[in-house]
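Chemist: Show me how the following folds:
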Amino acid sequence: MRSIVVILCGWGMFLSFLIFAPLASSVDNSFEGISIVDSQTSRDQYLSYFEEVYKQMEDNYYFELDRADFDRFIKAFDQKIFPSLLLEKKSNDYVRWRSAAYLVDFLKQPDDLFSRFLPPKPAEQFAQEVYGQKTDLGIEGRMNKEGFVVVFIEPRSTAYTQGLRKDDIILRIDGESVLLMGEEKVKAKLVPLAEVKVRIEYIDALTRTQRVIAPESQEYYKQTAFLKPTGVPDIYCLEIQKFNRESNEDIGRFLPLIAAKNPRGLVIDLRNNPGGPPLAALLISAFFLPNEEVFAYFEGRHKPRSELVIPKLPDQFHYDWPMAILVNDKTGSASELFSGVMQARKRAVIIGSDTAGQVLLKSIFDMSDGSSFAMVVARGHFPDGRPFPFDGVKPDEYVPADVSADGMIENAAKYLFLKANGRL
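Modeler: Numbers count the residues shown, from 1 in each chain. From the prediction side, this is the model:
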C-alpha cells in the first residue's frame, strides 16, 4: 500500500490520506499495454487477478461487499467484456486493467466518488494530484511592452529560491527574447519536463537591475493559502484552495502578519476546497484549538479507531480571534473535517451551504503488476463518537446561491465586525 499521511495513533502508524475529488470514468487510453492478447491466454490468469482485487477490497474497503456482485461481474466478463476486448485486439495489460476497472466500479458503492482502479502511469499522475504537487518552474505571468511580468511565483519553486519575485520582468528565456516568442510560447517554456534547467534573464522590479538565474523544473507543493480583501476594517480573510502537506506552513506565514495588525476577526474561505490529507486539517487546527486534545478519529470496517490529536504549539502561535468559515457543496473531506470540528467546538460560525459529505479516509493500494487502486477505508467521527454525516456539515447561516464570492466574504467580515463590537 502506498501512503500519504501518518495517522498519529492506532493502526500501527497506519499510513493514509484524505481527499475529495469527483473522478471521471476509470476507463481510458492509459490502460493500453504492449503485447497483443494471445488467443491461448488463460482465462484463469485474469480470474486470479480479479480475485486479488476483490481480496484487497474485502480486507480494506469501508463498505460491505457482496460476493454475489463479484460472481455477476465474472459472468459479464465471460459473456461480454472479454469477447469484446478480444475482437478489438487489445493487449493483455489492457484487458486485465480495463476489466479490473470495471470490477472496482461494479463492486463499490454508487455514491463512492473516490474508489477507482489505476494502471501504473495514471497512478503516478493521480498521486501527484492528491498530494497537491506540481512539476514546473512555478512561474505565472502576462506580457506587456517590456517583457513577461511575473504575477505569481510559487514560494517552494527553485525560481523563487534563486531570487525571482512578483513584478519582476522576464526578458529572455534560454537566450530568446520573450517579446519575439509571444505569451503562449513563453508560458509553455515555463513548464518544461522534470529536472530541466531553464536560463532566465529578467529585470529585478525593486532595483531595476538585470539578473540571470537557471531554475530547474522540480516537484514541489503548491501554495494553497492566500490573503483576500474583505472590505471591512480589521477583519481579514484567508482563502485555502486545497489542503496539502505544506498548508499549515503557508497559513503559519500569514497568521503572524495578520496578528501584527491587531485584527478583530478572521474569515477562512473553504468554498470549492476539495480537501487533502487529514494531517493538514489537524495541524491547522492547532493554531485555533486547545492543543493535545483529540481532534477527530477514523474507524474502518475491519480497523480499530485511529485518533488525530492536536499537536502542541508555543503560545505565540495560538490565535483566539472570532472566526467565520465559508463552505459550499464542493467543500470536501479534510476541509469539511476542519469546518465540522471548528463548528462543534463553537470556535467558528459556519456560513454557506451544506458541504460534500465526504469525510472519509482513503488509501492507494499497490497491486502485484505495478498497477494500483484508490479506495475508501474508513469514516471520520467527532471525538464524542458521532460520525460525520454523509449529507455534509450544516452551516450555522445559510447563504443563497446567487450571492457572489466576494459578497460572501464581505458579509462574513461584516458579521464578525458587528460581533466584535457587541452588536450581535
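
Chemist: can you give me the helices for the protein?
Modeler: 43-60, 67-76, 82-87, 92-107, 120-131, 158-161, 178-181, 183-189, 247-259, 278-285, 334-344, 405-420 (DSSP state H).

Chemist: Show me what the last one is packed against.
Modeler: What that stands for is helix 405-420. Here helix 405-420 touches strand 235-240, strand 265-269, strand 323-327, strand 349-352, going by 3 or more C-beta pairs under 8 Å, 6 or more residues apart in numbering; DSSP states H and E. For every residue, glycine as well, the C-beta is placed using N, CA and C.

Chemist: Please repeat the previous calculation with a cut-off of 7 Å.
Modeler: Helix 405-420 sits against strand 235-240, strand 265-269, strand 323-327, with contacts defined as 3 or more C-beta pairs under 7 Å, 6 or more residues apart in numbering; DSSP states H and E.

Chemist: Neighbouring strands of the second one in the sheet, and parallel or not?
Modeler: Right, the one you point to is strand 265-269. strand 235-240 (parallel), strand 323-327 (parallel) (DSSP bridges).

Chemist: Include mean pLDDT and distance to Gln210 when you put those strands into JSON lines, please.
Modeler: Below are the strands paired with strand 265-269 laid out as JSON lines (pLDDT from 0 to 100; distance: least, C-beta to C-beta, whole Å):
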{"stretch": "strand 235-240", "mean pLDDT": "97", "distance to Gln210": "35"}
{"stretch": "strand 323-327", "mean pLDDT": "97", "distance to Gln210": "43"}
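
Chemist: Return the most buried member of the ones you listed.
Modeler: strand 323-327 (a mean of 26; mean count of other C-beta atoms under 10 Å).

Chemist: my guess is Lys394 contacts Gly352, does it?
Modeler: No: using C-beta atoms under 7 Å, Lys394 is not in contact with Gly352, being 10.1 Å away.

Chemist: weakest of the helices of the chain by average pLDDT?
Modeler: For these, the stretch scoring lowest in mean pLDDT is helix 120-131; its value is a mean of 62.

Chemist: which residues does Asp269 bridge with?
Modeler: Going by DSSP bridges, Asp269 forms beta bridges with Glu239, Leu326.

Chemist: For Lys394 and Gly352, work out which one has more neighbours and name it.
Modeler: Gly352 (26 against 14; other C-beta atoms under 10 Å).

Chemist: got the strands paired with strand 265-269 as a markdown table, with distance to Pro256 columns?
Modeler: Converted to a markdown table, the strands paired with strand 265-269 look like this (distance: least, C-beta to C-beta, whole Å):
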| stretch | distance to Pro256 |
| --- | --- |
| strand 235-240 | 12 |
| strand 323-327 | 17 |
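
Chemist: Which residue is the nearest non-sequential neighbour of the residue positioned nearest the centre of the chain?
Modeler: Nearest to the mean C-alpha position of the chain, counting by C-alpha atoms, centre = their mean, stands Gly276 at 3.9 Å. The shortest distance from Gly276 to any non-neighbouring residue, by C-beta to C-beta, 6 or more residues apart in numbering, is to Phe243 (2.9 Å).

Chemist: Arg98 versus that neighbour, what's the distance?
Modeler: 32 Å (C-beta to C-beta, to the nearest Å).

Chemist: Looking at those two, which one has more neighbours?
Modeler: Neighbours were counted for Phe243 and for Arg98 using other C-beta under 10 Å; Phe243 has more, 30 against 23.

Chemist: per-residue pLDDT, that one?
Modeler: Phe243 is given a pLDDT of 92.

Chemist: please begin residue numbering at 36 from this point
Modeler: Right, with 36 as the first residue, what we last looked at is Phe278.

Chemist: which residues sit in contact with it?
Modeler: When contacts are counted by C-beta atoms under 7 Å, 6 or more residues apart in numbering, Phe278 touches 259, 310-312, 315-316, 369-370.

Chemist: Dump those residues to a markdown table, plus distance to Val411.
Modeler: Listed next are the contacts of Phe278 as a markdown table, based on distance: C-beta to C-beta, whole Å:
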| residue | distance to Val411 |
| --- | --- |
| Thr259 | 23 |
| Gly310 | 13 |
| Gly311 | 16 |
| Pro312 | 15 |
| Ala315 | 19 |
| Ala316 | 17 |
| Ala369 | 14 |
| Ser370 | 17 |
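
Chemist: May I ask you to name the longest strand in this protein?
Modeler: Longest strand in the chain, counting residues (DSSP state E): strand 407-416.

Chemist: so for that one, what's the average pLDDT?
Modeler: Computed over strand 407-416, the average pLDDT equals 90.

Chemist: hey, C-alpha coordinates of it in CSV?
Modeler: Below are the C-alpha coordinates for strand 407-416, written out as CSV (Å, rounded to 0.1, in the frame of the first residue of the first chain):
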residue,chain,number,x,y,z
SER,A,407,-2.9,0.2,-8.0
PHE,A,408,-6.3,1.3,-6.9
ALA,A,409,-7.6,4.0,-4.6
MET,A,410,-10.1,3.0,-2.0
VAL,A,411,-12.2,4.4,0.8
VAL,A,412,-11.0,2.6,4.0
ALA,A,413,-12.6,4.4,7.0
ARG,A,414,-15.1,7.1,8.1
GLY,A,415,-14.4,10.2,10.1
HIS,A,416,-16.0,10.7,13.6
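
Chemist: Name the residues that touch that strand?
Modeler: Here strand 407-416 makes contact (C-beta under 7 Å, 6+ apart) with 37, 51, 92, 95-97, 139, 147, 149-153, 158, 161, 331-335, 338, 372, 394-401, 422-423.

Chemist: Give me the neighbour count for the nearest residue to Glu93 once chain neighbours are set aside.
Modeler: Of all residues not flanking Glu93 in the chain, Leu100 sits nearest, at 5.5 Å (C-beta to C-beta, 6+ apart). Residues lying near Leu100 (other C-beta under 10 Å) number 15.

Chemist: How about the contacts made by Leu100?
Modeler: Each residue near Leu100 by C-beta under 7 Å, 6+ apart is listed here: 92-93, 142.

Chemist: and the gap between it and Leu324?
Modeler: From Leu100 to Leu324 the distance is 37 Å (C-beta to C-beta).

Chemist: Identify the residue spatially nearest to Tyr433, adjacent ones excluded.
Modeler: In this structure, Tyr433 finds its nearest non-sequential neighbour in Ser388, 6.4 Å apart by C-beta to C-beta, 6+ apart.

Chemist: hang on, that neighbour packs against Asn363?
Modeler: Yes: using C-beta under 7 Å, Ser388 is in contact with Asn363, at 5.0 Å.

Chemist: before we move on, back to that, give me every residue that touches the residue nearest to Tyr433.
Modeler: By C-beta under 7 Å, 6+ apart, the contact set of Ser388 is 362-364, 430, 433-434.
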